[in-house]
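Visitor: Need a 3D model of the following:
(one chain, ligands or ions: 2)
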Amino acid sequence: EMFTAVTDMEGVLETESVLINNLEGYIKAQEEKLDFLRKKVLEYQREHDSAANDVSEYLLNPINAYLLTKRLTTDWREVERVMTLDVGSQFVQNVSDYRNIMKFPTDEDLAGAASALIRLQDTYGMKTEEIARGKLNGVQFSIEMSSEDCFEIGRQSYINSDFRHTILWMNEALNRLNNDSNLNRADVLEYLAFSTFKEGRVRDALEMTHELLELAPDHRRALGNKNYYEKELMKLNLKSELRGDDGTNDVPVDDSVEFHYINNPYNYDIPERKMYELACRGELRPLDSIVKDLKCSYVDNGVPFLKIAPLKLEQISHDPYIVVYHNVMYDSEIEIIQQMAKPRFRRATVQNHKTGELETANYRISKSAWLKDSEHQVIATVVQRVKDMTGLSMDTAEELQVVNYGIGGHYEPHYDFARKEETNAFKNHEGGNRIATVIFYMSDVTLGGATVFPALRTSLWPEKGAAGFWFNLRRSGQGDYKTRHAACPVIVGSKWVSNKWIHERGQEFIRPCALEPDHDMEF
Ligand SMILES: O=C(O)CCC(=O)C(=O)O
Ligand SMILES: [Fe+2]
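Guide: Ligands and ions are numbered 1, 2, ... in the order given. Down below sits the predicted model:
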């Protein structure tokens with residue numbers, strides 16, 4: 001599973017370069033063989049022509065008699081040998097050997113990479129046609145997808161019963177068909193017609209099937225589908241006649257975002273989903289009540305060391321308390337932490353709040369590793385810095401979690417704290433609930449990848465060396481539902497973060513409990 005992190009994809013480019021060299025070797029060997037045979041055939045043709053010019057004269061000469069005999073014995077044996085020579089098999093063998101020693105993506109990776117593109121398309125409201133010509137979120141890259149490339153995304157969507165995206169991408173495949181395509185128009189039409197039917201547009205599906213049958217009159221499935229669609233249409237027409245309307249109850253084709261909300265299989269919360277997407281796109285202004293009286297300042301938090309080198313603090317929100325510290329992780333530290341984490345990366349998991357078990361989920365796609373303070377001075381230093389930044393005790397904190405997000409990597413809206421009903425969350429953690437989160441940004445991100453708080457309409461944009469800090473719990477110890485947040489899908493780039501989750505125990509005298517009305521709201 002390598003689509004989940006950019007670091008894993010690096011080795012794959014190397015694999016491709018080795019495969020290209022091997023294929024070049026294969027072609028060269030084949031060409032040498034063909035060149036030899038071409039030379040021979042010319043030579044023999046020339047000799048043969050001059051002989052055939054005057055057959056009796058030619059054969060009377062003993063040298064010619066000898067040469068002809070030689071050609072048809074030893075020479076032809078050599079030609080025969082070269083003809084049967086298998087100059088390709090070693091190169092074919094190489095490819096299977098490479099499979100054992102080099103990094104190859106799997107079909108699962110292909111599915112993951114395709115669904116990552118679909119996720120980006122939805123979250124950022126990008127048009128299929130724009131993605132296909134390399135335009136991502138308004139930024140043009142010099143990439144052009146072929147008809148086959150689009151077809152494959154359509155096919156992957158089809159496998160996932162995602163007929164809306166099947167239609168979008170199969171249409172794009174059709175638009176991009178040209179003389180160089182290895183793709184059959186009829187194959188595309190078949191997927192398109194069936195998905196169109198599945199989306200409730202029977203009339204259009206039937207029309208596409210007619211077009212398909214013009215191209216392939218004997219297409220068995222198309223013939224069957226045509227019958228079926230006609231019957232379905234008749235039923236619909238009968239119903240509409242009874243109702244007295246014109247029967248156009250077809251759903252319109254729409255590449256827009258709005259349409260997505262209706263059809264999104266996990267539209268558990270439509271308004272939040274919309275807020276989330278707008279925040280990811282950077283199209284939301286934070287609430288006035290949030291930005292009011294926000295300041296930037298240098299702080300020492302009462303730490304003697306910081307009096308000499310104060311931290312650069314930017315307030316993001318007062319309630320809940322969210323701040324960003326700038327320049328609190330050095331490039332040299334980042335490098336070491338990345339090198340330590342890389343070999344230990346595993347697909348990030350989430351806790352099943354019923355069983356308490358850790359499992360992978362499509363709503364969190366990244367790779368992560370945990371690093372202990374005792375493993376390296378740099379980790380201890382960074383954790384000490386978290387202590388200075390937050391004033392909180394690190395005694396009950398979790399280890400530092402290093403995360404890398406790949407193409408489309410994301411973490412959908414969630415709380416970092418465990419809710420009451422999540423009976424098994426942190427059950428093994430003696431420190432109680434997660435009182436606060438510190439997230440270090442260890443990279444800039446070219447496009448996308450913000451940390452967003454949909455309810456606050458505010459976003460933290462990754463900035464290498466900066467760190468976000470917020471309290472997840474209110475003074476009463478209750479979870480603050482306004483801290484619900486997400487990691488937006490990365491469009492372009494490799495996003496690195498480190499999370500430090502700080503727990504309740506040990507903070508009793510640092511951040512004492514307070515009584516307050518429970519005006520938390522769920523959204
Ligand atoms: O990566 C981010 O921007 C946020 C990550 C996050 O919220 C988490 O890991 O809990
Ligand atoms: Fe989080």
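
Visitor: mind listing what's buried in the host helix or strand of Glu214?
Guide: For Glu214, the enclosing helix or strand under DSSP states H and E is helix 202-215. Neighbour-count burial for helix 202-215 flags Val202, Arg203, Asp204, Ala205, Leu206, Met208, Thr209, Leu212, Leu213 (criterion: 16 or more other CB atoms under 10 Å). Every C-beta, even on glycine, is put in place using the N, C-alpha and C of the backbone.

Visitor: Any chance of JSON lines for these, columns distance to Arg220?
Guide: Converted to JSON lines, the buried residues of helix 202-215 look like this (distance: CB to CB, whole Å):
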{"residue": "Val202", "distance to Arg220": "20"}
{"residue": "Arg203", "distance to Arg220": "23"}
{"residue": "Asp204", "distance to Arg220": "22"}
{"residue": "Ala205", "distance to Arg220": "17"}
{"residue": "Leu206", "distance to Arg220": "17"}
{"residue": "Met208", "distance to Arg220": "17"}
{"residue": "Thr209", "distance to Arg220": "12"}
{"residue": "Leu212", "distance to Arg220": "12"}
{"residue": "Leu213", "distance to Arg220": "11"}
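
Visitor: For Phe104, state which of those residues is nearest.
Guide: For these, the residue nearest Phe104 by CB to CB is Leu212; the value is 35.3 Å.

Visitor: Am I right that the closest one is in contact with His219?
Guide: Yes - using CB atoms under 8 Å, Leu212 is in contact with His219, at 6.3 Å.

Visitor: Report the set of residues contacting both of the two.
Guide: Ala186, Glu190 (CB atoms under 8 Å, 6 or more residues apart in numbering).

Visitor: quick one, what contacts Ser459?
Guide: Ala279, Cys280, Gly282, Leu284, Ala450, Thr451, Val452, Phe453, Cys488.

Visitor: in a helix, that's where the first one is, yeah?
Guide: Yes - using DSSP: H, G, I helix; E, B strand; the rest coil, the secondary structure at Ala279 is a helix.

Visitor: Now do it against Asn175, distance only.
Guide: 32 Å (CB to CB, to the nearest Å).

Visitor: ok, these two, which is more surrounded?
Guide: Ala279 (25 against 13; other CB atoms under 10 Å).

Visitor: nearest residue to that one other than its sequence neighbours?
Guide: Leaving aside its sequence neighbours, Ala279 sits nearest to Val452 (CB to CB, 6 or more residues apart in numbering; 3.8 Å).

Visitor: and the one you found, what helix or strand is that in?
Guide: strand 451-453.

Visitor: how about that strand: buried residues?
Guide: Thr451, Val452, Phe453.

Visitor: anything in that strand sitting right up against ligand 1?
Guide: Yes - for strand 451-453, a contact with ligand 1 is found by CB under 6 Å from any ligand atom, at Thr451.

Visitor: How about stretch 334-354?
Guide: No - shown here: stretch 334-354 not in contact with ligand 1 (CB under 6 Å from any ligand atom), separated by at least 7.6 Å.

Visitor: what is the mean pLDDT for that stretch?
Guide: Taken as a whole, stretch 334-354 has a mean pLDDT of 89.

Visitor: Now do the SS call for Val402.
Guide: Following three-state DSSP, Val402 is assigned to strand.

Visitor: what's the neighbour count on it?
Guide: 25.

Visitor: For the nearest residue to it once chain neighbours are set aside, grab the count of nearby residues.
Guide: Closest residue in space to Val402, ignoring its immediate chain neighbours: Ala341 at 3.8 Å, by CB to CB, 6+ apart. Residue neighbour count, defined by other CB under 10 Å, stands at 23 for Ala341.

Visitor: Not counting its own residues, what contacts the one helix or strand Ala341 maps to?
Guide: Following DSSP H and E, one finds Ala341 within helix 331-341. For helix 331-341, the external contacting residues (CB under 8 Å, 6+ apart) are 368-369, 371, 375-376, 378-379, 381-382, 400, 402, 404, 442-443, 464-465, 496, 498.

Visitor: Which ones among the residues you listed map onto helices?
Guide: Val378, Ile379, Thr381, Val382 (DSSP state H).

Visitor: Hmm, the second one is touching Trp370, no?
Guide: No - taking contact to mean CB under 8 Å, the distance of 10.3 Å between Ile379 and Trp370 leaves them out of contact.

Visitor: Quick check: neighbours shared by these two?
Guide: Leu400.

Visitor: who's more crowded, the two?
Guide: Each of Ile379 and Trp370 has its neighbours counted (other CB under 10 Å); Ile379 has more, 21 against 14.

Visitor: I'd like the distance between the more buried one and ligand 1.
Guide: 18 Å (CB to the nearest ligand atom, to the nearest Å).

Visitor: and this protein, which of its residues are near ligand 1?
Guide: Residues of the chain lying near ligand 1 (CB under 6 Å from any ligand atom): Tyr411, Asp416, Ile439, Thr451, His485, Ala487, Val497, Asn499.

Visitor: list the buried ones in stretch 149-162?
Guide: Counting neighbours by 16+ other CB under 10 Å, stretch 149-162 gives Asp149, Cys150, Phe151, Glu152, Ile153, Gly154, Arg155, Gln156, Ser157, Tyr158, Asp162 as buried.

Visitor: Ile167 is in contact with the second one, correct?
Guide: Translated: Cys150. No - between Cys150 and Ile167 there is no contact under CB under 8 Å: 11.7 Å.

Visitor: follow-up on the earlier one: check the contacts of helix 331-341 for burial and list the buried ones.
Guide: Using 16+ other CB under 10 Å, the buried ones in the contacts of helix 331-341 are 368-369, 371, 376, 378-379, 382, 400, 402, 404, 442-443, 465, 496, 498.

Visitor: Same question for Asp218, what's its three-state structure.
Guide: Strictly by three-state DSSP, Asp218 counts as coil.

Visitor: how does the protein divide into domains?
Guide: Split into domains by automatic domain parsing, the chain comes to 6-101, 107-243, 275-503.

Visitor: Please enumerate the strands of the stretch 101-250 of the chain.
Guide: With strands called from DSSP state E, counting those that start in this stretch, the stretch 101-250 of the chain shows them at 135-136, 139-140.

Visitor: pLDDT at the residue of the chain most remote from its centre, what is it?
Guide: Largest separation from the mean C-alpha position in the chain: Leu60, at 77.4 Å (CA atoms, centre = their mean). We have a pLDDT of 88 for Leu60.

Visitor: Can you tell me who the residue nearest to Ala279 pairs with across the strands?
Guide: Assessed by DSSP bridges, Val452 has beta-bridge partners Ser459, Ala486.

Visitor: Please verify my assumption that it contacts Gly282.
Guide: No - the pair Val452 and Gly282 does not pass the contact test of CB under 8 Å, sitting 9.3 Å apart.

Visitor: related to what we said a few turns ago, format the buried residues of strand 451-453 as CSV; extra columns: pLDDT.
Guide: Shown next, in CSV, are the buried residues of strand 451-453 (pLDDT from 0 to 100):
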residue, pLDDT
Thr451, 98
Val452, 97
Phe453, 95
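
Visitor: Closest one of these to ligand 1?
Guide: Thr451 (3.4 Å; CB to the nearest ligand atom).

Visitor: Number of residues surrounding the closest residue to the closest one other than its chain neighbours?
Guide: Once flanking residues are discounted, Thr451 sits nearest to Leu460: 4.3 Å by CB to CB, 6+ apart. Counted with other CB under 10 Å, the neighbours of Leu460 add up to 22.

Visitor: Could you tell me the per-residue confidence at Leu460?
Guide: At Leu460, pLDDT is 97.

Visitor: cool, and Asp269?
Guide: For Asp269, pLDDT reads 47.

Visitor: what's the helix or strand hosting Leu306 in contact with?
Guide: When elements are assigned from DSSP H and E, Leu306 belongs to helix 304-308. Defining contact as CB under 8 Å, 6+ apart, one finds that helix 304-308 is touched by Val299, Asp300, Asp388.

Visitor: Equivalent analysis for stretch 148-158, please.
Guide: Contacts of stretch 148-158 (CB under 8 Å, 6+ apart): 110-111, 114-115, 117-118, 128, 132, 163-170, 172-173, 176, 181-183, 187-188, 191, 195.
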